[in-house]
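sequence first, then the predicted structure:
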Amino acid sequence: MAEQILLIDDDLEHAYALKTYLERVQYDVTVASDTKDALLHLYHSAWDIILANPQIDEEVAESIDTLSEVHPLSQVIVFGNPAQIDTAMDRYGLSVIHYLGLPINSKELELALERARKNILQSKKIDRYLERLGDLHNAQNQFNQLFDEVPCYISVQDRNLRVTASNKRFKQHFGNVIGGQCFEIYKHRNTPCEKCPVIETFNDGKVHSTEEIVTSKSGKQYNVLTHTAPIKNEQGEITQVMEMSTNITQIRQLQDHLTSLGLMLGSMSHGVKGMLTALDGGIYQLETGLKQADGTRVNKAFGQVKVMTDKIKKMVLEILYYAKSRELQYTTMTVETLADNIIRNIKPMAERNNVKFEIKIPDSLGHIEIDPSWMEAALINFLENAVDACSFDRDKQDHRVTFEILPKDKGNLCFTIEDNGIGMDKETRDKMFTLFFTSKGSQGTGLGLFIANRVIEQHGGSVKVKSEMKQGTTFRIRLPRKRPGNFKNNGFPVAPR
Amino acid sequence: MKKRILIVDDDPNIVDYLDALFTDNGYETDSARDAKEGLEMAKKNTPDLVTLDIEMPGEWGPRFYRQMTQDAKLKNVPVIVISGLSGNTYAIPKAIASIKKPFDREKLLEIVKDAIG
């Protein structure tokens, strides 16, 4: 496209002669011969070249001076008689690219125009480069931001599986370990993993994905879904591989939770059916006992209904605890109150089963900060198991369960629950806190001790067990008096692997 | 003479229930909490009918049934399966009925009455 020239000249005849000449050498020329015209044109369009005799008017001269602020790309050439040129040189200096004396030498004019054209091209080029540089800069910023903020662990690795770059999230969870080896950082192992997707990508240049369990620098385990992609150089050779791992721990936990819930309902239905049948039986005997006015039968039946209702209640609560996570509701209470509540619950059961219940609780044990409903349920669970262990035992005549509370050290209490029941074999001892493990057949849900142990752990305590077949079992439970400060109480039950 | 029913179930509450139900309706009962005890009891007092749980500690219901049918005196005694396991219809194919816990007692009595009067 031809350059646009604005020709400002009050000598109309001279102007048209110039216009004709310039058009012949392929320029597009607009003539402005008075002040009004000149100012209008100067401001309203961006001219490539302005060819002007500034002497036309002071205002025009002024406008040419300030033009570079409005249209910085416009190239100005000034012409005039020698005196006018002098003034113009003083005034404009380098902002005008060429000064032409009148009469205009056509060769000089052409050269001046040629230089203007080159200037324009160069300016445009520079502008384009600047723009691209800006875009590049933005793109890099965006890329960096993406790299850091994307919800994945990203690392770039070389052929030796050494990490050469990693994103923010990776550094947060696995440390800033540039130069460390992938398997060392992710898995704390000394040799590469069995089927390494990074090595596979180095070999075939394709995307590979695996699911892995990795260990963070704080020792936490995460399930991650890992994808790899090759990074190639200009010759198309794979120089590095990018590994992107998405943390899917929460999804897996949820899945585990749902699976075990399903498993639980399945394994429990038999027990529930038995309980419901026994409840039916209690109600039947209560009904017929009332009809026959048989006091003994009514009493017995009522006792049975009560026992079954308690059992069903307990089971429903266990299911609810397992199905729904909840935060612990801490309150401070005296140890005596806690102990009384537990004893009140266990005493009748012990009596029913002919088990002697010994209580060894000294006075003034002070206070403890717990969630009473869960802690009572947990401790009752241990005691109920102790009573059960006695009632299942047919070898011994006399059975006893001992419940003892002692201050352990400054911040802890020790609860001891001891029985002389059937005791546990190694398998039972190993699995007793495992979800759905029960040694009581259809009478147990496999939830009781699992939940009890979790409740103790959530309170920052711990459980130790000693057991001998046919001799009995001792549970020692350490419990801090104050709620644990740094213990993360997410309440979310995590099924065992 | 009263008809005699042998109740085999490991849950004492359910034994108690069945015992009361059958006694109230004019039957005599014996009870056992596992297969071994059940077999001993059956040999001692030949029952007219047996109610049998499937899942019990030690030997399960089907085993009891097999052992019972090996005894000439007992092999034609009708058996009613009363179990909490679902899909137990084929556990003891020759049982005259298979009832799921929790059961409808009128229905159970009806089946018993139809079988032994």
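Structure's in. What do you need?

element containing the residue minimising distance to the centre of chain B, please.
The residue lying closest to the centre of chain B (C-alpha atoms, centre = their mean) is residue B:51, at 1.2 Å. Counting by DSSP states H and E, the element that carries residue B:51 is strand B:49-52.

again, but for residue A:374
Applying DSSP H and E, one finds residue A:374 within helix A:372-391.

and the helix or strand just after that helix, what does it pack onto?
Per DSSP H and E, the first helix or strand lying C-terminal to helix A:372-391 is strand A:399-409. For strand A:399-409, the elements it packs on are helix A:335-352, strand A:355-360, helix A:372-391, strand A:412-419, judged by 3 or more C-beta pairs under 8 Å, 6 or more residues apart in numbering or on different chains; DSSP states H and E. Heads up, the C-betas are built off the backbone N, CA and C, glycines and all.

using TSV, lay out those together with mean pLDDT, distance to chain B and mean neighbour count.
What follows is the helices and strands packed on strand A:399-409, written out as TSV (pLDDT from 0 to 100; distance: least, C-beta to the nearest C-beta, whole Å; neighbours: other C-beta atoms under 10 Å in any protein chain shown):
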stretch	mean pLDDT	distance to chain B	mean neighbour count
helix A:335-352	89	12	17
strand A:355-360	92	17	16
helix A:372-391	89	11	22
strand A:412-419	94	20	20
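
need these in TSV (columns: distance to residue A:312).
Formatted as TSV, those follow (distance: least, C-beta to C-beta, whole Å):
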stretch	distance to residue A:312
helix A:335-352	15
strand A:355-360	23
helix A:372-391	15
strand A:412-419	25
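
nearest to residue B:55, out of those?
When the helices and strands packed on strand A:399-409 are compared by C-beta to C-beta, helix A:372-391 sits nearest residue B:55, at 18.9 Å.

one step back: can you give me the angle the helix holding residue A:374 makes with strand A:355-360?
Using axes from the mean of the first three to the mean of the last three C-alpha atoms, to 10 degrees, the inter-axis angle of helix A:372-391 relative to strand A:355-360 is 130 degrees.

what angle do helix A:372-391 and helix A:335-352 make?
Between helix A:372-391 and helix A:335-352, the angle comes out at 30 degrees (the same axes, to 10 degrees).

how close does the residue nearest to the centre of chain B sit to chain A?
Distance, residue B:51 to chain A, by C-beta to the nearest C-beta, to the nearest Å: 12 Å.

how about residue B:72, secondary structure?
Under DSSP: H, G, I helix; E, B strand; the rest coil, the three-state class of residue B:72 is coil.

number of residues surrounding it?
By other C-beta atoms under 10 Å in any protein chain shown, the residues close to residue B:72 number 7.

still on that earlier bit, buried residues in the following helix or strand past the strand holding residue B:51?
Counting by DSSP H and E, the next helix or strand C-terminal to strand B:49-52 is helix B:61-69. By neighbour count with 16 or more other C-beta atoms under 10 Å in any protein chain shown, helix B:61-69 contains the buried residues B:61, B:62, B:64, B:65, B:67, B:68.

next, give phi and psi for the residue lying closest to residue A:224 once chain neighbours are set aside.
Leaving aside its sequence neighbours, residue A:224 sits nearest to residue A:245 (C-beta to C-beta, 6 or more residues apart in numbering or on different chains; 4.0 Å). For residue A:245, the backbone dihedrals (degrees, to the nearest 10) come out as phi -120, psi 120.

what is the burial count for residue A:245?
26.

low-confidence regions, the chain specifically.
No chain in the question, so chain A it is. Low-confidence segments of chain A (pLDDT under 70): A:1, A:260, A:263-264, A:266-267, A:322-327, A:435-436, A:441-445, A:485-497.

I was thinking of chain B, sorry if that wasn't clear
In chain B (pLDDT under 70), the answer is B:57-58, B:86-90.

for it, just list every one of the helices.
B:12-24, B:35-44, B:61-69, B:105-116 (DSSP state H).

a markdown table for these, including distance to residue A:348?
What follows is those, written out as a markdown table (distance: least, C-beta to C-beta, whole Å):
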| stretch | distance to residue A:348 |
| --- | --- |
| helix B:12-24 | 17 |
| helix B:35-44 | 29 |
| helix B:61-69 | 33 |
| helix B:105-116 | 29 |
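
can you list these in a markdown table and add distance to chain A?
Below are these laid out as a markdown table (distance: least, C-beta to the nearest C-beta, whole Å):
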| stretch | distance to chain A |
| --- | --- |
| helix B:12-24 | 2 |
| helix B:35-44 | 13 |
| helix B:61-69 | 13 |
| helix B:105-116 | 6 |
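
so which of these is nearest residue A:479?
Closest to residue A:479 of the helices of chain B is helix B:12-24 (C-beta to C-beta; 34.9 Å).

helices or strands next to the closest one in the packing?
Using 3+ C-beta pairs under 8 Å, 6+ apart, helix B:12-24 is in contact with helix A:249-291, helix A:295-323, strand B:4-8, strand B:28-32, helix B:105-116.

so residue A:230: helix, strand or coil?
Assignment for residue A:230 (three-state DSSP): strand.

what about it, neighbour count?
Using other C-beta under 10 Å, residue A:230 has 19 neighbouring residues.

correct me if wrong: it contacts residue A:241.
Yes. Using C-beta atoms under 8 Å, residue A:230 makes contact with residue A:241 at a distance of 5.8 Å.

residues shared between the contacts of these two?
Shared contacts of residue A:230 and residue A:241 (C-beta atoms under 8 Å, 6 or more residues apart in numbering or on different chains): A:201, A:202.

now do the contacts for the residue lying closest to residue A:374 once chain neighbours are set aside.
Nearest residue to residue A:374 in three dimensions, chain neighbours excluded: residue A:455, at 4.7 Å (C-beta to C-beta, 6+ apart). Residues near residue A:455 by C-beta under 8 Å, 6+ apart: A:371, A:374, A:375, A:377, A:378.

same deal with residue A:75?
A:48, A:49, A:50, A:97, A:116, A:119, A:120.

how long is stretch A:387-400 end to end?
Start-to-end span of stretch A:387-400 (C-alpha to C-alpha, to the nearest Å) is 8 Å.

what lies in contact with that stretch?
By C-beta under 8 Å, 6+ apart, the list of residues contacting stretch A:387-400 reads A:346, A:349-350, A:353-358, A:401, A:419-423, A:440, A:470, A:472-473.

how about the stretch 251-400 of chain A: which residue is closest to chain B?
Scanning the stretch 251-400 of chain A for the residue nearest chain B gives residue A:281, at 2.4 Å (criterion: C-beta to the nearest C-beta).

tell me the contacts of that residue?
Each residue near residue A:281 by C-beta under 8 Å, 6+ apart is listed here: A:304, B:13, B:14, B:16, B:17, B:18, B:20, B:21.
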